[in-house]
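Engineer: sequence first, predicted model second:
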Amino acid sequence: GCALLNAESQIPPGRRQVSGFIAGDCAMLSDDPDWIETTWWDYEWFMDMWGQGVYQLDSPFPIFGIPAAENPDGPSELIEGFTNLQAALALGVWPAYPQLTYHFVDGIFDEDGIPVGLEYTDVGMWVDFIVTGPPYEAAAFQIDYIRCVIMPEEVPWDDHLGDVTVPVLYVKANGGAGSYGDYTIDVMGSTDVTRLEIGFPPPGGGRERLRARGPVHRQRRAHARLRADP
């Protein structure tokens, strides 16, 4: 969406297709140091994959979801000491990276900090969602997006965001990725900007101790690499 607005800002108004923009919980640019540092880590990881001739990332969603649907109480092969269902819940409730609060769904935890349910989302619905998720993501797309964050001067898709003047609604989820991309909206030229943050309890409650157990991205990326390698 941002790339389209960027391009359309350079053509006459009568030829443009977009008259307003709704951005959802992520954006092209960021000035958050933790997000940038994490994105650099991802860039190095993806470029290493690319150099080995691996051009897709197996999505963690069905990898975690299928065992949870077929054998929820069985021992997880992905997170030691968890059942398959607990591992699928962890995928959603744990922060995606050590220094970020970004996660998918809010969880319910036992006294040991192990996820045993979801606060606002039906567990069966979450499992169905991750089972039916796309089985892979194109590495080329991920690399292009990452370049926007860490080396914006080297890509063409953000050169004219300051010329974008259409009304913008930026929808963010409390605990999601939206706050890390506020800077994208800041650099746009639009004077009609509405920011809508949707949430319940502040992010972080009960999750700080979970970080010590190891964020899910370590297991899912390791497993994705095993699945992707010939």
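Structural biologist: Happy to help now that I have it.
Engineer: rest of the way, CA atoms for contacts and neighbours
Structural biologist: Will do.
Engineer: shouldn't His160 be in contact with Ser9?
Structural biologist: Yes. In this structure, His160 is within contact of Ser9 by CA atoms under 8 Å, at 6.9 Å.
Engineer: tell me which element Thr121 falls in.
Structural biologist: Of the helices and strands defined by DSSP states H and E, none includes Thr121.
Engineer: what's the distance between it and Ser30?
Structural biologist: Going from Thr121 to Ser30 by CA to CA, to the nearest Å gives 29 Å.
Engineer: so those two - more neighbours on which side?
Structural biologist: Legend: neighbour count by other CA atoms under 10 Å for Thr121 and Ser30, higher for Ser30 (23 against 12).
Engineer: burial count for Thr83?
Structural biologist: Neighbour tally, Thr83, other CA under 10 Å: 20.
Engineer: meant to ask about Gly81, not that
Structural biologist: 12.
Engineer: before we move on, what about Asp122?
Structural biologist: 11.
Engineer: helix, strand or coil: sort out Ile108 for me.
Structural biologist: Assigned by DSSP: H, G, I helix; E, B strand; the rest coil, the conformation of Ile108 is strand.
Engineer: do you know how far it is from Ala139?
Structural biologist: Using CA to CA, one gets 33 Å for the distance from Ile108 to Ala139.
Engineer: more neighbours: these two, which one.
Structural biologist: For Ile108 and Ala139, the more surrounded residue by other CA under 10 Å is Ala139, and the numbers stand at 18 against 15.
Engineer: give the contact list for that one.
Structural biologist: Phe46, Trp50, Tyr55, Gln56, Leu57 (CA atoms under 8 Å, 6 or more residues apart in numbering).
Engineer: that one and Met151, how far apart?
Structural biologist: Per CA to CA, Ala139 is found 17 Å from Met151.
Engineer: could you do Gly181 as well?
Structural biologist: 15 Å.
Engineer: residue closest to the middle of this protein?
Structural biologist: Most central in the chain under CA atoms, centre = their mean is Ala177, positioned 6.3 Å from the mean C-alpha point.
Engineer: name the SS class of the residue lying closest to Val187 once chain neighbours are set aside, please.
Structural biologist: Nearest residue to Val187, sequence neighbours excluded (CA to CA, 6 or more residues apart in numbering): Gly162, at 5.7 Å. Three-state assignment for Gly162 (three-state DSSP): helix.
Engineer: low-confidence ranges, this protein, go.
Structural biologist: Residue ranges of the chain with pLDDT under 70: 200-230.
Engineer: which stretches of this structure form strands?
Structural biologist: Remark: strands assigned in the chain by DSSP state E are 21-24, 56-58, 107-109, 115-118, 136-138, 168-173, 193-198.
Engineer: just send these back as TSV, with distance to Phe129 too.
Structural biologist: Formatted as TSV, the strands of the chain follow (distance: least, CA to CA, whole Å):
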stretch	distance to Phe129
strand 21-24	18
strand 56-58	16
strand 107-109	16
strand 115-118	14
strand 136-138	15
strand 168-173	18
strand 193-198	21
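Engineer: ok, which of the ones you listed comes nearest Gly14?
Structural biologist: Shortest distance between Gly14 and the strands of the chain, using CA to CA, is found for strand 21-24: 17.1 Å.
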